[in-house]
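Enquirer: give me coordinates for this.
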Amino acid sequence: MAGVTEVLADYAGGHASRSDVMRAFLAHDDWYAPMMWLDEAFPQRKVYERMIPTPPLGQAPGPGRLWLFTGSDQVQAAIDAGGTFAAAGGPLTGLELFGALTGATGEVMVNPAAPPEQEFLMGVDAELLEYLARWISALRVETALRDSSEDLGPRLAAFEHYVVPVDETGRPRVVSMEQPAGNYVMAFTAPDLFMEHQKRDGGVTGGADMAAEALFGLADYEGVDGVVLDMTETDSFVLPADLCQAVLKLTA
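Expert: Down below sits the predicted model:
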């Protein structure tokens, strides 16, 4: 996966989507943020691996405006440009950082002193917070799938925004697989994975948003043997009908 600043540059050039940016932000694990905000967001956490002080005088973010940095080099760039915010702490993971955003912040500027193609500005409102929560849940499901973690079942059952490819009739797309043999309904945990599949599958005309109960319930239909998640050209996660039933029981 490309680094976060590379994805931002691709986005500025029209070669990456908002979904690509969001995945890059949440997958990035070298974020820095002003200590004043960190103290409010993580009141129980007082020490960070690195704390970078800034001069007492200079340009500071306005009220309700939060500066975030993709690395210590971007913190230093802001200091060199005359920025001041007492100190910055980090590194933090994207999941914990963006998961801590609330409506108390009105605007986020990423890398405020970087070249324009490495900056990113977004307003924070209820819609963005909901969008972030959906993405964070999706990445936690993906991690649970990759690691076969103990909480995989509950995470699959609790996820409410599977993207299910549909054909021109509006029916979910079903793919035949050899291992395990059968016909499986396709679903994706995040929009970017769905869009990549849509580029490969000309029969996909749209996507349906489904909660776990609706998705895994499709495994009861005649001729359907289960669900395949996040299918790529080289990998996928197959849940046969019995595992779909197990997930369904957790949604009750």
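Enquirer: please state the offset of the helix or strand of the chain with the lowest mean pLDDT from the chain centre?
Expert: The helix or strand of the chain with the poorest confidence is strand 174-178; it has a mean of 90 (mean pLDDT, DSSP states H and E). In this view, strand 174-178 has its centroid 27 Å away from the chain centroid, taken as C-alpha atoms, centre = their mean, to the nearest Å.
Enquirer: list the neighbouring strands of that strand plus their orientation.
Expert: In the sheet, strand 174-178 lines up against strand 181-187 (antiparallel) (DSSP bridges).
Enquirer: for the partner strand, give me every contacting residue.
Expert: Strand 181-187 is contacted from outside by 162-165, 172-177, 197, 210, 215, 218-219, 223-229, 231, 238, 240, using C-beta atoms under 8 Å, 6 or more residues apart in numbering. C-beta: built from backbone N, CA, C; applies to glycine.
Enquirer: run the angle between whatever helix or strand comes next after that strand and strand 181-187 for me.
Expert: Remark: after strand 181-187, the chain's next helix or strand is helix 191-200, criterion DSSP states H and E. Interaxial angle, helix 191-200 versus strand 181-187 (axes from the mean of the first three to the mean of the last three C-alpha atoms, to 10 degrees): 120 degrees.
Enquirer: and helix 191-200, what does it pack against?
Expert: helix 18-27, strand 162-166, strand 206-210 (3 or more C-beta pairs under 8 Å, 6 or more residues apart in numbering; DSSP states H and E).
Enquirer: single out the most deeply packed of the ones you listed.
Expert: Counting by mean count of other C-beta atoms under 10 Å, strand 162-166 has the highest mean neighbour count of the helices and strands packed on helix 191-200, with a mean of 23.
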